[in-house]
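**Q** Compute the structure for the input listed below.
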Amino acid sequence: MSYASWIPVMIVMTVLMVQVNVGMAQDCKLPFQLAPCLSFITSNIAPAADSQCCNVLHDQTSCLCSFVKNPVYAWILHLPGATTVANACSITIPDPSTCT
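**A** Numbering: from 1, shown residues only. Below you'll find the model as predicted:
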């Protein structure tokens, strides 16, 4: 199995092993709410702007600072595919140093 094949497995394992609201507001549930984006992120393919992925990203925009500051989730948002998805959905992944 190639290294790239292990990324989705690692993401699923992280989702299953981590509590959802570790240091976050109750409605910021990255692993579960952004699940429609994981295949796009891991394959570095842009979703359609009206896709379910983009819709949940827009719904979770206020949570992105919490996600990038949390080491449990931040690595997912630092994958090259996350930038591709963010650009396709017209979302900016914030720099953790600019988050309050």
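**Q** Poorly predicted segments of the protein, please.
**A** Low-confidence segments of the chain, defined by pLDDT under 70: 1-27, 29-31.
**Q** so where do the helices sit in it?
**A** Per DSSP state H, the chain carries helices over the ranges 3-17, 30-33, 35-43, 52-59, 64-69, 71-77, 80-88.
**Q** Show me the one of those that comes nearest residue 95.
**A** Proximity of the helices of the chain to residue 95 was assessed by CB to CB; the nearest stretch is helix 64-69, lying at 7.6 Å. All C-beta atoms are positioned from the backbone trio N, CA, C, and that covers glycine.
**Q** So what's the residue count around residue 71?
**A** 9 (other CB atoms under 10 Å).
**Q** Quick check: the gap between it and residue 96.
**A** Distance of residue 71 to residue 96, computed by CB to CB, to the nearest Å: 10 Å.
**Q** which residues touch residue 93?
**A** With contacts defined as CB atoms under 8 Å, 6 or more residues apart in numbering, residue 93 is in contact with 64, 68, 77, 82-83, 86.
**Q** Tell me how far it lies from residue 48.
**A** 19 Å.
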